[in-house]
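Peer 1: any chance you could fold what I've pasted below:
(chains A and B)
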Amino acid sequence: MEQTNFLLVGVGGQGILTAGNILANLGLRAGYDVKKSEVHGMSQRGGAVNSHVRFGRTVYSPLISQGEADYLLAFEMLEALRWVRFLHSRSVVLVNEERLPPLAVTSGGAHYPDPGEIHRELSNRADGVFFIEGPRLAQELGNPRVANVVLLGALSTFLPFSTELWEEVIEEQVPARHFALNRQAFCLGRVQIRKDDG
Amino acid sequence: MEALVFCYTRNKAMGRPMLSGRKECRVKQLLSGNEAIARGAYEAGVRVGTAYPGTPSTEILESLSRYPEVRTLWAPNEKVALETALGASYAGARTLVAMKHVGLNVAADPFFYGAYTGIEAGLVVVSADDPGMHSSQNEQDNRRYSKFARVPMLEPSDSQEARDMTRLAFELSEQFDVPVLLRTTTRVSHSHSIVELDPAFVPPKKDLPPYPRNPQKYVMIPAHARPRHVVVEERLQRLVAYSEETPLNRIEWGDRRLGIMTSGISYTYAREVFPWASFLKLGISFPLPAQKVRTFAAGVERLIVIEELDPFLEEEVRLLGVPVHGGKDVFPLLDEFNPDVVRAGGRKLGLLSEDGPAPPPLSLELPPRPPVLCPGCPHRSVYYALRRAKMIVNSDIGCYTLAVLPPLSTTDTMGCMGGSISMAYGVELAGRPERAVATIGDSTFYHSGIPALLNIAYNGGRTIVIVLDNRTTAMTGHQGHPGTGIGTRGERLHEILVEDIGRAFGLKRVFVVDAYDTREMYRLLKESAAAEEPTLIVARRACVLLPEARARRGPAYWVDLERCNGCGLCFTVGCPAIFKTTEGRAEISPLLCAACDLCAQVCARGAIHSGND
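Peer 2: Numbering: from 1, shown residues only, chains lettered A, B, ... in the order given. Okay, here's the model as predicted:
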């Protein structure tokens, strides 16, 4: 695998930092140089959150350049659109079907884009756009918080790493009592991708 | 993995190895810059670590507290932290003190005299700057402090350097008898990169030396300080010589047509964008190695300086009379860098070809998503009452500053830690007819609000002070403080309550209210507005994210759609758990609702009910 850039975006509290940790440690275990960058503090309070993860032989910048995200993992649908300037034509975009309207929509008059609009805007820019039923699957598993690992399961179908390696890393990065649940979430995510959809 | 023995350990068990019986085992771990600083300090045999939490520095002390050998503590503020650190260092213990950039303003006084006295055992002061102001009130460039106080400064570019330079900083501190400034930025502190380390490494134990009875060095009366200033300037010359020799300041020859001088995180962006160029990479960016700069400049056709924030290096280079062919004229002084910013500067200089056509803009406007107070945040109900009371609100640093944003829109001023109380008192002294209220978080009150309250108690007046006591330092991730009596490792310490401090100051009007009770808060504000003496209100309720609050959380509230007429009053509390249905009525997310009751208190039609009803 050449230098590969992953951009994880969503809303504070969606498990983005955990997903970023899993992904970055996967790269480390697979023998890559890895950098990961995110911001803590005030912006985490329900605001837009992002995590940059980069694999390569040597990675200098911890931040991805615009137009260079190979994978965009959007944990919330609107947030996928906020980062389109990072996409290139061969990017893979995985969109969690979670809709979290910001206050500007709830108490102001702002418009939350329809799923159709979101799909169109993304498909105009990148080849592979996939919507992932993270919320439904996580709900079925009994814990809405594991939607993040459902998304990683979907991502794993595009990457040359064994399921065993993924599971080892997930086991390291989540509390022991939640591992079984996260493994199920990961497996459900894997079967979400049928490549001919893209 | 090169020739490394790869025995993997968990990040969480940093330094607690699962070893395979080998004598030395180097492993690669992904560490944040902050974790790496803590690791480097541990390996350097640090005995004492102290800090006041502040983004992006907080995790340094949190990580250091995982090493049981190190005595770690949260200080009430950065000045206290640095003075404690100096005391420990004078007494022979290697000490680390960490703070965010503006924290060093608070600690500037001891920072400057520490530069005069020097130290006995290594003292490293970490300043974590926040270019771009992700979580700060300004983006001051603390590299200025190193030149101002004449202390050497190290600037790591990634986590490996953060660990290595921290270890080295303790050596340098002792070699040159000076506190050392280790300066990071958000993207160094909060980025994770690979660090090679031996998890089994245990620093050798050293006995404490005899206490230095050396008043000429440690008692800064003018008669002693004058000769110490001579020492400071002489030391600076020795540091320049070191800066010339050290491999931390290294020339990486590449294409000689372009020479880039840079340091810290900017090095990683510049390397990314100009992989072919020659580099002068500065690990010690003060004092500058003048000779090395001249050698580098003479060896390249065109010298440019790439640095975030101020033209700190550029000014030094220009003072040497060395021409700079690209600096702050193209690489901006404002905001944080990233590869795109550096690339744009390179284009302006004609070093890179113009970009291809820009991708099409989005055909729709996206609603913004600024940070908001959490569902169930105990600050919301206090600010709801304040908005109703229409008073001037002088606020302070913490999550509650978010009350300035719509729909609460209830904050008039905010500038620095502990400033609110004095600011509100100033409004009163100005003789305005409106009443001013200071709102200040509990941790911020202990940080620097106490002398301000003392000022009011001493000089008299009728200012109203609300301490938003959510039982933690919330914004930086729930650190203990004197009001919680909880230490760096979660241990129980002495708990000092706000109301006891107010009463000890002789204040007569001291009240403790449940922060969720917005009606009582409003009543108390009205009553206090009429009072002829100062009022201290402690609005107490644990941060909704604390485990104790989560455990007590009731079932989610719900809206009786028969009664809801869509008046929108509950939308004005700004709770992310309340949504508008397509018919314009209110709906509460059972996932997000934290059962604080504010919306039910606000609803004029009794349409919102507790999940228990």
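
Peer 1: ok, then the element right after the lengthiest helix in chain A?
Peer 2: Counting residues, the longest helix found in chain A (DSSP state H) is helix A:16-29. Toward the C-terminus, helix A:16-29 is succeeded by strand A:33-38 as the next helix or strand (DSSP states H and E).

Peer 1: backbone phi and psi for the most centrally placed residue in chain A, please?
Peer 2: Nearest to the mean C-alpha position of chain A, by CA atoms, centre = their mean, lies residue A:73 at 2.8 Å. Per-residue torsions, residue A:73: phi -100, psi 110 (degrees, to the nearest 10).

Peer 1: that one reaches residue A:15, doesn't it?
Peer 2: No - if you go by CB atoms under 8 Å, residue A:73 and residue A:15 don't touch, sitting 11.2 Å apart. For the C-beta atoms, the positions are set from N, CA and C on the backbone; glycine is no exception.

Peer 1: show me the contacts for the residue nearest to the centre of chain A.
Peer 2: A:6, A:7, A:8, A:9, A:19, A:94, A:96, A:151, A:152, A:155 (CB atoms under 8 Å, 6 or more residues apart in numbering or on different chains).

Peer 1: quick check: of the residues you listed, which lies closest to residue B:555?
Peer 2: Nearest to residue B:555 among those is residue A:96, at 26.6 Å by CB to CB.

Peer 1: can you report phi and psi for the closest one?
Peer 2: Torsion angles, degrees, to the nearest 10, at residue A:96: phi -70, psi 130.

Peer 1: show the contacting residues for it.
Peer 2: So residue A:96 contacts A:10, A:73, A:74, A:75, A:76, A:77, A:132, A:134, A:135, A:147, A:150, A:151 (CB under 8 Å, 6+ apart).

Peer 1: out of these, who's the most crowded?
Peer 2: In terms of neighbours by other CB atoms under 10 Å in any protein chain shown, the contacts of residue A:96 top out with residue A:151 at 31 neighbours.

Peer 1: part of a strand, is residue B:432?
Peer 2: No - the assignment for residue B:432 (DSSP: H, G, I helix; E, B strand; the rest coil) gives coil, which keeps it out of a strand.

Peer 1: burial check on the nearest residue to it once chain neighbours are set aside, number of neighbours?
Peer 2: Of all residues not flanking residue B:432 in the chain, residue B:392 sits nearest, at 7.5 Å (CB to CB, 6 or more residues apart in numbering or on different chains). The number of residues packed near residue B:392 is 18, by other CB under 10 Å.

Peer 1: quick one: residue B:392 and chain A, what's the gap?
Peer 2: 24 Å (CB to the nearest CB, to the nearest Å).

Peer 1: got the phi and psi for that residue?
Peer 2: According to degrees, to the nearest 10, residue B:392 has phi -80, psi 130.

Peer 1: after the host helix or strand of residue B:387 comes which helix or strand?
Peer 2: Per DSSP H and E, residue B:387 falls inside helix B:378-389. Note on helix B:378-389: by DSSP H and E, the next helix or strand toward the C-terminus is strand B:392-394.

Peer 1: where does chain A dip in pLDDT?
Peer 2: Applying pLDDT under 70 to chain A picks out residues A:40-45, A:195-198.

Peer 1: what about the helices in it?
Peer 2: A:16-29, A:77-82, A:103-106, A:115-123, A:134-140, A:147-156, A:163-173, A:179-190.

Peer 1: and what of the stretch 251-400 of chain B?
Peer 2: Assigned by DSSP state H, counting those that start in this stretch, the helices in the stretch 251-400 of chain B fall at B:264-273, B:290-299, B:312-319, B:339-348, B:378-389.

Peer 1: hmm, who's touching the shortest one?
Peer 2: Outside of helix B:312-319, the residues within contact range by CB under 8 Å, 6+ apart are B:141, B:143-144, B:147, B:261-263, B:282, B:285, B:288, B:293, B:297, B:303, B:305, B:307, B:324, B:327-328.

Peer 1: and the nearest residue in space to residue B:465 that is not next to it in sequence, what helix or strand is that in?
Peer 2: The shortest distance from residue B:465 to any non-neighbouring residue, by CB to CB, 6+ apart, is to residue B:438 (4.7 Å). Assigned by DSSP H and E, residue B:438 belongs to strand B:436-441.

Peer 1: can you list the helices and strands that that strand packs against?
Peer 2: helix B:378-389, strand B:392-394, helix B:419-429, strand B:464-469 (3 or more CB pairs under 8 Å, 6 or more residues apart in numbering or on different chains; DSSP states H and E).

Peer 1: make it 6 Å
Peer 2: Secondary-structure packing of strand B:436-441 (3 or more CB pairs under 6 Å, 6 or more residues apart in numbering or on different chains; DSSP states H and E): strand B:392-394, helix B:419-429, strand B:464-469.

Peer 1: make CSV out of these and add distance to residue B:40 and mean pLDDT.
Peer 2: CSV is the format used below for the helices and strands packed on strand B:436-441 (distance: least, CB to CB, whole Å; pLDDT from 0 to 100):
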stretch, distance to residue B:40, mean pLDDT
strand B:392-394, 41, 98
helix B:419-429, 34, 98
strand B:464-469, 36, 98
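
Peer 1: spell out which parts of the stretch 301-450 of chain B neighbour chain A.
Peer 2: B:338-340, B:362, B:364, B:366-372, B:407 (CB under 6 Å from any CB of the partner chain).

Peer 1: pick out the most distant pair among those residues.
Peer 2: Largest pairwise distance in those, by CB to CB, is 37.6 Å, between B:339 and B:407.

Peer 1: which one of the two is surrounded by more residues?
Peer 2: When neighbours are counted by other CB under 10 Å, residue B:339 and residue B:407 differ, and residue B:339 comes out ahead with 21 against 17.

Peer 1: so the more buried one is in contact with residue A:66, correct?
Peer 2: No - using CB atoms under 6 Å, residue B:339 is not in contact with residue A:66, being 8.6 Å away.

Peer 1: which among the contacts of residue A:73 end up buried?
Peer 2: Buried members of those, scored by 16 or more other CB atoms under 10 Å in any protein chain shown, are A:6, A:7, A:8, A:9, A:19, A:94, A:96, A:151, A:152, A:155.

Peer 1: which one of those is nearest to chain B?
Peer 2: Minimum distance to chain B across those is 10.6 Å, recorded for residue A:9 (CB to the nearest CB).

Peer 1: ok, that closest one - contacts?
Peer 2: A:50, A:74, A:79, A:83 (CB atoms under 6 Å, 6 or more residues apart in numbering or on different chains).

Peer 1: now do the contacts for the residue nearest to residue B:465.
Peer 2: B:394, B:420, B:421, B:424, B:465.
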